[in-house]
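Visitor: I'll drop the sequence and a predicted model, then ask my questions.
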Amino acid sequence: MGSPPGLGRRPRAYTEAVPSRRPRLVRRDSAGELSAALAQLRAELDLPTAFNAEVLAEAEAAARTVPVDPAAAGVDDLRDIEFLTIDPEGSLDLDQALHLERTPTGAVLHYAIADVPAFVQPGGAVDAEARRRGQTIYAADGRIPLHPAVLSEDAASLLPDQDRRAFVWRFELDEQARPVATTLRRGVVRSRARWSYIDAQAAIDAGTGPASLVALAWFGPLRSAREAERGGASLNIPETRVVSDDGHYRLEREVSLAVEEYNAQVSLLTGMAAAEIMLRGRVGILRTMPAADPDDVAAFREQTVALGVPWREGVSYGDYLRGLDRSQVVTAAIMDAAASLFRGAGYVAFDGEPPADPLQSAIGAPYAHTTAPLRRLVDRWSLVICEALANDRPVPPWARTSLSELPKIMGRSDGVAGRLDSGTVDRIEAAVLAVRVGESFDAVVLGVRGDGARVQIAEPPVSAKVAGLTAPAGATVRLRLESVDIASGTIVLTP
């Protein structure tokens, strides 16, 4: 499995960062056809467009009137904590800010999450539109935000050098980065700096970053070790990204930076703490995923033997995958098969009896989405419920009475986001290959799929199904590109 969705990172398929590598761009003579295909995909999925006047007016009024003075807001003044944010280059919708300080016995982590509930009136126009959207959609041809920009990119965003409302988690950590005490309160914070992943990684590598970044490099590996102990398997698997460059698109396949994984572990820790609070309080909403079916596990184990890299008895699933050599071509086939073991991720709301199976199996613990309220609807509920329970106050009635609606809303939204993601990549892959019909490519067979096999071309990083291909998983094959259809994202390859 890759990192579980919703750990506070924007989907890696869509980012504004332009790395130094320059894979093949979509040719100008295909760009118009691709733009039309992406527009048609949006229409087919009935994606939202601009916010209506009522929503914008309500958001603008909230941005003007919600107090950020701690005394006026009736919240704690936490502006002396030197928070920083770490996000993709150019991001303005900043949900999280952190401050991590080493202590003689471990560390203290403060994690500020944007106080979106302060700006959204339950039952109001902004709330209703957010429930219709469910989450921010990251499309190659433009982001579709959950909230109007006046909130998501300004008043509610944890931008640097601005007083901002936030829910602030405080974790006391031992020397192995295990939490020994946790609190949650509302306050006003002031971020000192906005770091991009690339710049943060460079500062960590050079040893020139602020104390929080230095401590993050201590925290991340230890939290990964704790994940391995509990049987989690959120792994760093290469993903295909779509990069926009002067109105054109290209594909990249790469592994995330170490600092992204460290940052994800902060969100992961917080999500597990939120789940514990809600389970203890017997009200809330969890992100769950059932354990892999034993028959699927047995089949995967057999596949690893056939591929020559057997998953041996006594080794956990996560440890086996962590130990694979990413430079070997067979690893791509193993990862493809492994990802199929975990299916059925969803949301479970409860008020009273907790769910019988609260586990998120890829994480190895109960888990809740709670760190991205600017970009995901459900987090707004998690935050207000956890803050109330953590401080022995009643859960706000609006949050309690509407809990049961959330699984359906989020399930629908996740489905739309997934179809947009896969449909976009298909169409851009077709556009990238449009001028290469008749050429041949080397590819790795990922696995058998019905009457053919799924393959991964090395360059450009394109995956496709090849009808009639009988080569075993892990094999290297030579394929000829027969045709492409940008409008549907169809690619026809033959051995």
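Guide: Yep, it's here.
Visitor: next one: phi and psi at residue 427?
Guide: The phi and psi values for residue 427, taken as degrees, to the nearest 10, are phi -70, psi -40.
Visitor: typed the wrong thing, it's residue 165
Guide: Main-chain dihedrals, residue 165, degrees, to the nearest 10: phi -70, psi 140.
Visitor: And the one 4 residues further on, by the same measure?
Guide: Its backbone dihedrals place residue 169 at phi -90, psi 140, with angles given as degrees, to the nearest 10.
Visitor: contacting residues for it?
Guide: 109, 110, 111, 112, 113, 182, 183, 184, 270, 273 (Cβ atoms under 8 Å, 6 or more residues apart in numbering). C-betas here are computed from N, CA, C, even on glycine.
Visitor: so is the most far-flung residue of the chain relative to its centre in a helix, a strand, or just coil?
Guide: Distance from the centre of the chain peaks at residue 438, with 37.1 Å (Cα atoms, centre = their mean). Recorded secondary structure, residue 438: coil (DSSP: H, G, I helix; E, B strand; the rest coil).
Visitor: I'd say it and residue 484 touch.
Guide: No: in this structure residue 438 lies outside contact range of residue 484 using Cβ atoms under 8 Å: 11.1 Å.
Visitor: thinking again about what came up before, for PyMOL, write the select line for the buried members of the contacts of residue 169.
Guide: A single PyMOL command selects the buried members of these (16 or more other Cβ atoms under 10 Å):
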select buried, resi 109+110+111+112+113+182+184+270+273
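Visitor: For residue 215, state which of the contacts of residue 169 is nearest.
Guide: residue 109 (8.5 Å; Cβ to Cβ).
Visitor: From residue 166, how far out is the closest one?
Guide: For residue 109, the distance to residue 166 equals 14 Å [Cβ to Cβ, to the nearest Å].
Visitor: Kindly report the same for residue 491.
Guide: Distance of residue 491 to residue 166, given as Cβ to Cβ: 46 Å.
Visitor: So which of the two has more stuff around it?
Guide: residue 166 (31 against 24; other Cβ atoms under 10 Å).
Visitor: tell me how far the host helix or strand of the more buried one is from the chain's mean position?
Guide: Taking DSSP states H and E as the criterion, residue 166 maps to strand 163-173. Its chain's C-alpha centre and that of strand 163-173 lie 21 Å apart, by Cα atoms, centre = their mean, to the nearest Å.
Visitor: what kind of secondary structure is the residue nearest to residue 169 when sequence neighbours are not counted in?
Guide: Nearest residue to residue 169, sequence neighbours excluded (Cβ to Cβ, 6 or more residues apart in numbering): residue 111, at 4.4 Å. At residue 111 the chain is in strand, as set by three-state DSSP.
Visitor: Same check on residue 341?
Guide: coil.
Visitor: what secondary structure does the closest residue in space to it that isn't next to it in sequence sit in?
Guide: Excluding its sequence neighbours, the residue lying closest to residue 341 (Cβ to Cβ, 6+ apart) is residue 292, at 4.0 Å. On the three-state scheme (three-state DSSP), residue 292 is labelled coil.
Visitor: So, low pLDDT: which residues of the stretch 151-300 of the chain?
Guide: 234-248, 253-255 (pLDDT under 70).
Visitor: Residue 390 is in contact with residue 280, correct?
Guide: No: using Cβ under 8 Å, residue 280 makes no contact with residue 390, being 9.7 Å away.
Visitor: So which of the two has more stuff around it?
Guide: residue 390 (19 against 12).
Visitor: separation between the more buried one and residue 398?
Guide: Taking Cβ to Cβ, one finds residue 390 at 18 Å from residue 398.
Visitor: pretty sure residue 375 is touching residue 146, no?
Guide: Yes: applying Cβ under 8 Å as the test, residue 375 and residue 146 come out as touching, 5.8 Å apart.
Visitor: distance of the residue nearest to residue 169 from residue 261?
Guide: Distance, residue 111 to residue 261, by Cβ to Cβ: 16 Å.
Visitor: One more: residue 487?
Guide: From residue 487 across to residue 261, the span is 37 Å (Cβ to Cβ).
Visitor: Looking at these two, which one has more neighbours?
Guide: Each of residue 487 and residue 261 has its neighbours counted (other Cβ under 10 Å); residue 261 has more, 21 against 14.
Visitor: Pull out the buried positions in the helix or strand encompassing that one.
Guide: Secondary structure from DSSP H and E places residue 261 in helix 258-281. Using 16+ other Cβ under 10 Å as the test for burial, helix 258-281 gives 258-279, 281.
Visitor: and the top strand by length along the chain, how far out from the chain's middle?
Guide: Longest among the strand segments of the chain by residue count, using DSSP state E, is strand 179-196. How far strand 179-196 lies from its chain's middle: 20 Å, per Cα atoms, centre = their mean.
Visitor: Would you mind writing the CA trace of it as CSV?
Guide: Extracted as CSV, the C-alpha positions of strand 179-196 are listed here (Å, rounded to 0.1, in the frame of the first residue of the first chain):
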residue,chain,number,x,y,z
PRO,A,179,2.8,9.9,22.8
VAL,A,180,2.6,9.8,26.6
ALA,A,181,0.2,12.8,27.0
THR,A,182,-2.2,14.5,24.5
THR,A,183,-4.2,17.7,24.7
LEU,A,184,-6.4,19.6,22.2
ARG,A,185,-7.5,23.2,22.5
ARG,A,186,-8.6,26.0,20.3
GLY,A,187,-6.4,29.0,20.0
VAL,A,188,-4.9,31.7,17.8
VAL,A,189,-1.5,30.9,16.2
ARG,A,190,1.0,32.7,14.0
SER,A,191,3.1,30.7,11.6
ARG,A,192,6.6,31.9,11.1
ALA,A,193,7.4,30.4,7.7
ARG,A,194,5.9,28.5,4.7
TRP,A,195,8.3,25.8,3.5
SER,A,196,7.9,23.8,0.3
